[in-house]
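Undergrad: quick check, what structure comes out for this input:
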Amino acid sequence: MTGGERPRPSSSSRSAEGPKPVGLSALPRPVAVVVGGGGVLGAAQVGIGYALEQRGFVPDLIIGTSVGALNGAIAAAHPGKAAPWLDHVWTHVRRREVFPLGYLPSRASICTDRGLRGLIARAGLPSRIEQLEIPFTAVAMDLATGAQALLDHGDLESALLASAAIPGVLPPVDREGRTLVDGGVIALVPVRAALQEGAASVVVLSIGPTNWPLRPTTPPWRAGAVAARAGLLLWHHQIERDLHEVSQQIPTVVLPTGIDTWPSPWDFSHSRRLINTASLAAGRFLDGLRISGPGLYRVDGAPETSAGPGKAWTASVSGGSQ
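TA: Numbers count the residues shown, from 1 in each chain. As a prediction, the model looks like this:
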């Protein structure tokens, strides 16, 4: 044994330490939950929230973009018991409540934010981010510079409104001298923000129809369908880039939804189906999850790793696919 080398424990001393932790309990702390954007995708996040709460999981910090910021803030305010309240919200909300058309004193958006303000007001949230039970960051984009804005202190309502301000649909938010819009423009699934905020591991709540692998399709010809497909591809590549970058450094777990057919992002009538399906799929995945170090853990048939040749981190998956 060379100088400074620590002696390896014997087999008897290793067995005395007890069984190694499995599932999310094996993730190094602090663990960040990352909640992405995507309109009605927020309902699937509620289903995953049920699976996490039923297994007693509480994160050390929460990072959210767009609708994920609202879901994440409520989870940060009510750790371990947010899913039932969010279930009620998502199964009763209608599009016109969230995106009401109406006159604005400017031409910056086609909808007012009064519906979103009403949801925030009814959520039982504190006035300031620092007052949340779990450290929380909302992700937005600076409209002047294009830079990512990490909103982890100060007024909570304006942070949530900024993170969800879909450009052209909801009005931009002036906050602390900056004009901010939806963080999904540059970070639909803000895993890099979680790394910046000090996370040692990441749990991602569903990335919806932009999930890997993206199914090939016949190229559309109508203008709206062409734009929608291009947007889906843009977000897909952004998410994949960010996931791979972060997973090279820390364990990155992407929880599945089990959902094959997604409704329009503005169609909230499918919320019950999305919640129930995602709860079951995420639960099965969590019960079979095995963490062995940095890497990307998700349901794709080929868990990935940055550990180098000859060593593959694997996630044991039982049922549920995306």
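
Undergrad: those strands in the stretch 151-300 of the chain, which residues are they?
TA: Defined through DSSP state E, counting those that start in this stretch, the strands belonging to the stretch 151-300 of the chain, from first to last, are 173-175, 178-182, 201-205, 251-255, 295-297.

Undergrad: out of those strands, nearest to residue 43?
TA: Distances from residue 43 to each of these were compared by C-beta to C-beta, and the smallest falls on strand 201-205, at 11.5 Å. From N, CA and C alone the C-beta is placed, and that goes for glycine too.

Undergrad: ok, the closest one: who's next to it in the sheet?
TA: Taking DSSP bridges as the criterion, strand 201-205 pairs within the sheet with strand 31-35 (parallel), strand 251-255 (parallel).

Undergrad: quick one: buried residues of the first one?
TA: I take that to be strand 31-35. With burial defined by 16 or more other C-beta atoms under 10 Å, the residues of strand 31-35 counted as buried are 31, 32, 33, 34, 35.

Undergrad: got the strands paired with strand 201-205 as a markdown table, with mean pLDDT columns?
TA: Formatted as a markdown table, the entries for these read as follows, by pLDDT from 0 to 100:
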| stretch | mean pLDDT |
| --- | --- |
| strand 31-35 | 98 |
| strand 251-255 | 96 |
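
Undergrad: take these and write them to CSV, including distance to residue 148.
TA: Putting the strands paired with strand 201-205 into CSV (distance: least, C-beta to C-beta, whole Å) gives the following:
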stretch, distance to residue 148
strand 31-35, 14
strand 251-255, 18
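
Undergrad: so which of those gets nearest residue 277?
TA: Comparing the strands paired with strand 201-205 under C-beta to C-beta, the one sitting nearest is strand 251-255, at 12.6 Å.

Undergrad: now residue 115: how far from residue 170?
TA: Shown here: residue 115 relative to residue 170, a distance of 9 Å by C-beta to C-beta, to the nearest Å.

Undergrad: these two: which has the busier surroundings?
TA: Comparing residue 115 with residue 170 by other C-beta atoms under 10 Å, the one with more neighbours is residue 170, at 24 against 19.

Undergrad: quick one: that one and residue 113, what's the gap?
TA: 5 Å.

Undergrad: and if you look at residue 235?
TA: Residue 235 is 23 Å from residue 113, where distance means C-beta to C-beta.

Undergrad: residue 241 - how many residues pack around it?
TA: Residue 241 sits with 11 neighbouring residues when counted by other C-beta under 10 Å.

Undergrad: relative to residue 90, how far out is it?
TA: Distance, residue 241 to residue 90, using C-beta to C-beta: 29 Å.

Undergrad: likewise residue 61?
TA: If you go by C-beta to C-beta, the gap between residue 61 and residue 90 works out to 23 Å.

Undergrad: how about low-confidence regions in this structure?
TA: Where the chain drops to pLDDT under 70, the residues are 1-21, 95-106, 206-207, 209-215, 300-322.

Undergrad: could you find the closest non-adjacent residue to the spatially most central residue of it?
TA: With distances taken as C-alpha atoms, centre = their mean, residue 35 lies nearest the centre of the chain, 1.9 Å away. By the measure of C-beta to C-beta, 6 or more residues apart in numbering, the closest residue to residue 35 outside its immediate chain neighbours is residue 68, 3.3 Å from it.
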